[in-house]
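**Student:** Kindly return the folded structure for what I paste below:
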Amino acid sequence: KNLKMKKITLGVFALVIGINSYKAQTIVWQDDFETPANWTLNVASGTNGMDANTWIISDAEGGVAAGGCGVASNGNKTLHVSCQGMWCPGTGATYNAGDGGLGFIDSETSKRALFASNINTQNTQNLSLEFDYIGVGDQGFDFGTILYSLNGGSTWNVLQTITPAPTCGNGQGQWTNLSVPLPAQCANISTLRIGFQWDNDNDGVGSDPSLAINNVK
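**Tutor:** Now for the predicted structure:
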């Protein structure tokens with residue numbers, strides 16, 4: 001009964017607009033997860049087992065600047081994937097990889113964390129989404145995805161899969177900055193929304209950290 005747990009932290013998330021210069025940027029929206037009510041957590045988007053992993057906003061996985069190593073309880077809240085149930089090994093960006101179908105754990109997960117309000121991008125162009133994150137998981141099997149909606153959350157599109165980030169020498173995730181261009185359709189609308197999805201397949205294979213995000217722009 002080999003049980004491996006997984007953990008990842010996502011850091012700063014930023015929506016940036018270029019103004020007449022490749023160097024000039026303006027932040028048109030940002031969220032640092034210090035107000036958890038801004039987000040709708042654990043929206044099912046597929047099959048979820050009884051021990052499915054869960055999105056949490058807290059400082060159990062504390063946010064630090066890109067390049068720093070993961071810490072707990074530093075007062076800086078992040079959005080992160082954690083575990084639940086009797087087989088949960090701890091708090092923070094720690095997840096349950098499952099039991100490989102043996103039947104005593106079912107941690108198959110497909111859940112979303114969605115920004116709960118519309119983002120106004122009128123009079124903008126060349127938008128990108130930026131954030132800091134940590135996370136390893138199991139690439140292609142236990143992983144996070146960036147989502148966006150053009151119509152206020154009625155339908156959602158995949159922007160990009162989040163690839164594993166480095167880990168520090170002590171085994172903690174290393175906070176890493178990521179900037180991803182948004183499609184042109186995201187500009188000049190008043191109904192843009194941003195979200196994240198976590199999937200894991202219950203095969204018992206994978207490594208912490210799961211996924212954590214902070215400072216979205």
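**Student:** Quick one: residues contacting Thr163.
**Tutor:** Gln139 (CB atoms under 8 Å, 6 or more residues apart in numbering). C-beta here means a position set from N, CA and C on the backbone, and glycine is covered the same way.
**Student:** if I look at it, how far off is Asn120?
**Tutor:** 30 Å (CB to CB, to the nearest Å).
**Student:** again, but for Ala44
**Tutor:** From Ala44 to Asn120 the distance is 28 Å (CB to CB).
**Student:** likewise Ser190?
**Tutor:** 5 Å.
**Student:** the more surrounded of these two?
**Tutor:** Taking neighbours as other CB atoms under 10 Å, Ser190 and Asn120 compare with Asn120 leading, 14 against 10.
**Student:** Average pLDDT for stretch 199-208, rounded please.
**Tutor:** Averaging pLDDT along stretch 199-208 yields 96.
**Student:** my bad, stretch 110-125
**Tutor:** 97.
**Student:** Distance across that stretch, terminal residue to terminal residue?
**Tutor:** Length of stretch 110-125, first residue to last, CA to CA, to the nearest Å: 32 Å.
**Student:** Report the buried residues of that stretch.
**Tutor:** Using 16 or more other CB atoms under 10 Å as the test for burial, stretch 110-125 gives Ser110, Lys111, Arg112, Ala113, Leu114, Phe115, Asn118, Ile119, Thr121, Thr124.
**Student:** what helix or strand does the fourth one sit in?
**Tutor:** Assigned by DSSP states H and E, Ala113 belongs to strand 109-115.
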